[in-house]
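Undergrad: structure, please.
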Amino acid sequence: MTPQQVIQLSSAQLAAADALSNFYEIGGDAPAEAFADLGFEDGLSIQCEMQRRAIAGGAVQSGWKVGLTSDRARKAVGIDDRPFGHVNRVLTSPAQIPSAEISKVSIEPEMCFVIGERIAGDNVDPASVPERLAAVCAGYEVNEVRVAVGGNLAMLVADSLTNWAVVRGEGIAPPAAEALDRCTVTVSCDGEEQFTCTAADEVDNPYLSIARLAATLHRHGLSLEPGRCVITGAYSRFRVEPGQRWTTDYSSIGTVEAVIS
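TA: Take a look at the predicted model:
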C-alpha cells in the first residue's frame, strides 16, 4: 500500500480506527466497545487504515505476516482464511531486541521469504510461488502486546496481529515444497535446547500460505511486491527476558539469532 492509497471505511470501521489510534496515543482502556460488532474482514480494513496513518507518520513497510497457518489455529477461531499483518521493521541477525521498549515481548521462530517477483491475485497456484521468490531465510517474529484484545478477532487483526518486527537470518534459494515440510526447526536459549519440530507438523506448507495470503491481499487491493519479506507461521512462541540469547537452526536453510537487551 502506498501513502496515497485511500481506504474506504464504513462509519463503524472508521470509529474503531479512531478509537484504536487514540488508545495507542494516550492509553487507557482497550477500545472494546468500538470493536464489539465488528468481524474478521472489518479488522483487515481497519488494519489497512492504521497502516495508512503509520506511513503518513513516517513508517516504511518492509513486508507481511500471514496468520492462521495451521488447522489448529483456524479451528480455534472458526475461520478458514489467512489474515495479513503489516510488517514495518525487519532486523538482520544477530539482532538486538530492546525488551524495555516492547510491551510483553515474545519471539516466534518462523520462516522468512523474500519476494523476487510480484505475486498477486485471488487464485495463485502454490506451485508457482517458489520461482517468484528470491530467498527463504531462517527467521523470528518479534511480537508485542499493544492492546488487550480480550478475544476480539477484529481488534487482533486491526493491530497487525501483534507484530513488532521480523528478524531475518541466513537464507538459501527457495527449495521444493517437500524440502520445507521436512525442515527441522531447533530453538535454543543460551545454548540450551528449548524446542524442536518438523515444520509440517506445526504449520501449512509456506508456499500454500503465501498463495492464500495473496488472495486475502487481493480482496483489499494489495499484493506481494519484490523486495518485501513474508513470514509464514510460528512453530512455537517464547516469552523472553533481558540478557538471553536465542538461536534457531532451520536444517538446510540456516540460523537466526536474537539477543534480548
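
Undergrad: assign Glu170 to helix, strand or coil.
TA: strand (DSSP: H, G, I helix; E, B strand; the rest coil).

Undergrad: wait, doesn't it sit right on Ser252?
TA: No. Assessed by CB atoms under 8 Å, Glu170 is found out of contact with Ser252, at 10.8 Å. All C-beta spots, glycine's among them, are computed from the backbone N, C-alpha and C.

Undergrad: looking at these two, which one has more neighbours?
TA: Set side by side, Glu170 and Ser252 show more neighbours around Glu170, with 16 against 13, by other CB atoms under 10 Å.

Undergrad: check the gap between the more buried one and Cys137 for me.
TA: Distance, Glu170 to Cys137, by CB to CB, to the nearest Å: 6 Å.

Undergrad: what's the overlap in contacts for these two?
TA: Ile253, Gly254, Val256 (CB atoms under 8 Å, 6 or more residues apart in numbering).

Undergrad: chain neighbours aside, what residue packs nearest to the second one?
TA: Taking CB to CB, 6 or more residues apart in numbering, and ignoring the residues beside it in sequence, Gly254 has Glu170 as its nearest neighbour in space, at 2.6 Å.

Undergrad: quick one: contacts for that neighbour?
TA: Going by CB under 8 Å, 6+ apart, the list of residues near Glu170 reads Ser93, Cys137, Ala138, Ile253, Gly254, Thr255, Val256.

Undergrad: kindly confirm my reading that the last one is in a helix.
TA: By that I understand Val256. No. Counting by three-state DSSP, Val256 falls outside a helix, being strand.

Undergrad: burial measure for it, as a count.
TA: Neighbours of Val256 (other CB under 10 Å): 31.

Undergrad: show me the contacts for it.
TA: 93, 109, 137-140, 167-170, 247-248, 250.

Undergrad: who's in contact with the residue nearest to Pro109 when sequence neighbours are not counted?
TA: Of all residues not flanking Pro109 in the chain, Thr248 sits nearest, at 4.4 Å (CB to CB, 6+ apart). Counting by CB under 8 Å, 6+ apart, Thr248 touches Pro109, Ala138, Tyr140, Gly169, Val185, Thr186, Val187, Ser188, Thr255, Val256, Glu257.

Undergrad: what do you get if the cut-off is 7 Å, keeping everything else the same?
TA: Taking CB atoms under 7 Å, 6 or more residues apart in numbering, we find Thr248 in contact with Pro109, Ala138, Tyr140, Val185, Thr186, Val187, Thr255, Val256.

Undergrad: related to what we said a few turns ago, and the contacts of Val256, which are buried?
TA: 93, 109, 137-140, 167-170, 247-248, 250 (16 or more other CB atoms under 10 Å).

Undergrad: distance-wise, check Gly202 relative to Val185.
TA: For the record, residue 202 is Glu, not Gly. 8 Å.

Undergrad: so these two - more neighbours on which side?
TA: Val185 (23 against 16).

Undergrad: for the more buried one, list each beta-bridge partner.
TA: Beta-bridge partners recorded for Val185 (DSSP bridges): Cys197, Tyr250.

Undergrad: for it, what are its contacts?
TA: Contacts of Val185 by CB under 7 Å, 6+ apart are Pro109, Thr196, Cys197, Ala199, Tyr235, Thr248, Tyr250.

Undergrad: so Phe40 touches Ile79, yeah?
TA: Yes. The pair Phe40 and Ile79 qualifies as a contact (CB atoms under 7 Å) at a distance of 5.8 Å.

Undergrad: number of nearby residues for Gly85?
TA: Neighbours of Gly85 under the rule other CB under 10 Å: 22.
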